[in-house]
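Participant: one predicted model, sequence on top.
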Amino acid sequence: MPDSAIAVQGLQKRFGDVVALDGIDFEVPPATVFGLLGPNGAGKTTAVRVLTTILRPDAGTATVLGLDVADEAERVRARIGLAGQFAAVDGNLTGRENLRLIGRLTHLPRRLIEGRAAELLEQFDLTDAADRPARTYSGGMRRRLDLCAALVHRPPVLFLDEPTTGLDLYSRNQLWSVIENLQAEGATILLTTQYLEEADRLADDLVVIDHGQVIAAGSPVQLKSRLGGTVIEVGFADPGEARRAQGFLVNYAVRPPDVDGSEVRFEICDGARVIVDALRTLDGEGLAPATLAVREPSLDDVFLALTGRRVEPEEASEEATRGAA
Amino acid sequence: MTAATVTPIGLSPDLDIRGLRRFTTAVSDTFAVMARNLIAYRRVPQLLVFSTIQPVVFVLLFRYVFGGAISTPGVPYVDFLMPGIFAQTVAFGALNTSIGLSLDVNQGLIERFRSLPMARSAVLAGRTLADLVRNVFVVALMFAVGFAVGWRVHTGFLPLMAAVLLVLLFGYALSWIFATVGLMVADPETAQAAAFPVMAPLVFASSAFVPVDSMPDWLQPFATYQPLSVVVAAVRDLTIGGPTTSDVIQAVLWCVAILAVAAPIAVHRYRLAT
């Protein structure tokens, strides 16, 4: 067994003029969950597609279980499972038939296929719908079937591309516990996500990527400690007050506060104590907050801290780079 | 969702397939994909029904409406027409290959297939074989329609079977052309639109419905030697009578040539498809 389940070095991929991956490096130890965090268009899906042998890299190397994804693609494919964000199941086949097909195409012994399909359908609450064409499934059901399809042959390495995007809260929690169980059984899982919360809950390690480059790497705890932990947003009556408040709040924040219109945003380490002190100071200066929000840092906050800019909404979406492929 | 308790190691006994097993696996993968595509035809019968209505309408239209105005000396028009109908039916049927593959690309299924340890040839071979099976049904149906409107075979059983095989081979060869189209376009509607400029001259600038010598001089060489006309000529020889060898050889050569060019292009395209 190689030291890393997945190892990526200097990986590059471009589509015409669009640089999707601009030399990324990371390593994923066996039996861990690894998060690829980034906004739309950062290159997450491209990285997954290179690692699952769908795309050939232009430069750099990537190995899965020590096997090169470009030169030993067929051996890699026998050892991986892929569930994408587009729920690639055949709508004309029933759930069970979809899993049978994948079972045959992953060369499971025939005698195991039926049992394995039934087991997965049961595990993912699809037994009642198992013999209905998948086109009659809800979005969440299709996603679960897609994940079943990725698991049919019990791959030791699993790639999940934005597994929870578009799922309701209940399905998301279900999926999270599935991922944790798989990891407990010894699977290595690479997942991409736009949600810091998700990476925080699941990932042992993660990298943040932006414009095809790794801009931060480490454990979720390490990453969050660079952020300060808790984000406070205080709204005022007008931008003038906000700027005045900024001057006082600087003493409580881990980094200089950020003014956006009549709102001040800052990050703190010590939670409740600091909030009380900060509000008392504002009150003493005659600054009455109109709104107050306390929340966990989001990907947007990570971005702001790492790059000094906010996540650009949908600038070059993953869809666009797919199309360019 | 409950926890599974088994270690998630590969369930397949042998992850790396080598030697002769590569071939048997490729065959088994192809049949798995073919079975999957045939299920779609069974489950969405509209696919089959609508694609057979059109040739039936053509039979009725040419047999009873236009046929009287078309002169085919020495041969009843219906016997002239039906070989053209068979070839035309499988030619339009090849569109299904485009439509099916473009749907697979569109739904992300091709992407999933490309991440599986299956034979690289199986998706296209399974698709085209399913369309071949479909053609067997459609051609049988068109035979029944032909007999109902007065078509008669003047030769015998063996030449008739040879004619069937030739028509099916032609349909199979065309499937590979349209496989490439299906892999290159974004959706089924575009697949149909993209196929039309190829389909129209093939079907209509041919000897399928009218004798070539009724066409303008500049069109006659194309209309005589293009593959559909050559196949139709061979099927007419095999069902009406007369010397068959030269036309049949030419028709088979056309089919083999189309396969030899179109199949590698389609496979190459599949490797690039996303």
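Facilitator: That came in fine, so what should we check first?

Participant: interface residues of the stretch 51-200 of chain B facing chain A?
Facilitator: With the criterion set to CB under 8 Å from any CB of the partner chain, the stretch 51-200 of chain B comes near chain A through B:107-109, B:111-118, B:122. Heads up, the C-betas are built off the backbone N, CA and C, glycines and all.

Participant: rebuild the residues you listed as CSV, extending it with neighbour count and secondary structure.
Facilitator: Compiled in CSV, these are given as follows (neighbours: other CB atoms under 10 Å in any protein chain shown; DSSP: H, G, I helix; E, B strand; the rest coil):
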residue, neighbour count, secondary structure
B:Q107, 16, coil
B:G108, 18, coil
B:L109, 21, helix
B:E111, 21, helix
B:R112, 25, helix
B:F113, 23, helix
B:R114, 22, helix
B:S115, 24, coil
B:L116, 26, coil
B:P117, 25, coil
B:M118, 26, coil
B:A122, 23, helix
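
Participant: farthest pair within those residues?
Facilitator: B:Q107 and B:P117 (20.6 Å; CB to CB).

Participant: for the helix ranked longest in chain A, give me every contacting residue.
Facilitator: In chain A, with assignment by DSSP state H, the single longest helix is helix A:169-184. Outside helix A:169-184, the residues within contact range by CB atoms under 8 Å, 6 or more residues apart in numbering or on different chains are A:31-33, A:123-124, A:140, A:143-144, A:147, A:151, A:158, A:160, A:163-164, A:167, A:189, A:191, A:198, A:201-202, B:1, B:3-4, B:8.

Participant: what packs against whichever helix or strand comes after it?
Facilitator: Following helix A:169-184 in sequence order, the next helix or strand is strand A:188-193 (DSSP states H and E). Here strand A:188-193 touches strand A:33-37, helix A:44-51, strand A:157-161, helix A:169-184, helix A:196-202, going by 3 or more CB pairs under 8 Å, 6 or more residues apart in numbering or on different chains; DSSP states H and E.

Participant: mind listing the strands strand A:188-193 pairs with, and their directions?
Facilitator: Here strand A:188-193 is paired, per DSSP bridges, with strand A:33-37 (parallel), strand A:157-161 (parallel).

Participant: which residues touch residue 135?
Facilitator: Since you didn't name a chain, this refers to chain A. A:91-92.

Participant: correction: the question concerned chain B.
Facilitator: B:N135 makes contacts with B:89-90, B:93, B:167-168, B:171-172, as judged by CB under 8 Å, 6+ apart.

Participant: take these and keep only those in helices.
Facilitator: Using DSSP H, the contacts of B:N135 in helices are B:89-90, B:93, B:167-168, B:171-172.

Participant: tell me where the stretch 51-200 of chain A has strands.
Facilitator: A:59-64, A:67-68, A:80-83, A:157-161, A:188-193 (DSSP state E, counting those that start in this stretch).

Participant: so which of these gets nearest B:F137?
Facilitator: Smallest distance to B:F137 across the strands of the stretch 51-200 of chain A (CB to CB): 35.1 Å, for strand A:80-83.

Participant: and that closest one with chain B, contact?
Facilitator: Yes: residues of strand A:80-83 contacting chain B under CB under 8 Å from any CB: A:80, A:82.

Participant: center of the chain - which residue?
Facilitator: Chain wasn't specified; assuming chain A. The centre of chain A sits closest to A:T193, judged by CA atoms, centre = their mean, with a distance of 1.6 Å.

Participant: switch to chain B, please.
Facilitator: Centre-most residue of chain B, counting by CA atoms, centre = their mean: B:G171, 3.0 Å.

Participant: how about the contacts made by that residue?
Facilitator: By CB under 8 Å, 6+ apart, the contact list for B:G171 reads B:90-91, B:93-94, B:131-132, B:135.

Participant: and the nearest residue to B:V167 once chain neighbours are set aside, how many neighbours?
Facilitator: Nearest residue to B:V167, sequence neighbours excluded (CB to CB, 6 or more residues apart in numbering or on different chains): B:F86, at 4.8 Å. B:F86: 29 surrounding residues under other CB atoms under 10 Å in any protein chain shown.

Participant: quick check: B:F86 touching B:L141?
Facilitator: No: using CB atoms under 8 Å, B:F86 is not in contact with B:L141; the gap is 10.8 Å.

Participant: what about the closest residue to A:G23 other than its chain neighbours, distance to A:V76?
Facilitator: The shortest distance from A:G23 to any non-neighbouring residue, by CB to CB, 6+ apart, is to A:G10 (4.9 Å). From A:G10 over to A:V76 the distance is 19 Å, taken as CB to CB, to the nearest Å.

Participant: ok, these two, which is more surrounded?
Facilitator: Between A:G10 and A:V76, counting by other CB under 10 Å, A:V76 is the more crowded of the two (24 against 14).

Participant: ok, the more buried one touching A:A70?
Facilitator: No: contact criterion CB under 8 Å: A:V76 and A:A70 do not qualify, at 9.2 Å.

Participant: separation between the residue nearest to B:V167 and chain A?
Facilitator: Plainly put, B:F86 is 28 Å away from chain A if you go by CB to the nearest CB, to the nearest Å.

Participant: and that residue, what helix or strand is that in?
Facilitator: Under the criterion of DSSP H and E, B:F86 resides in helix B:77-93.

Participant: which element follows that helix toward the C-terminus?
Facilitator: Reading on from helix B:77-93 to the C-terminus, the next helix or strand found by DSSP H and E is helix B:95-106.
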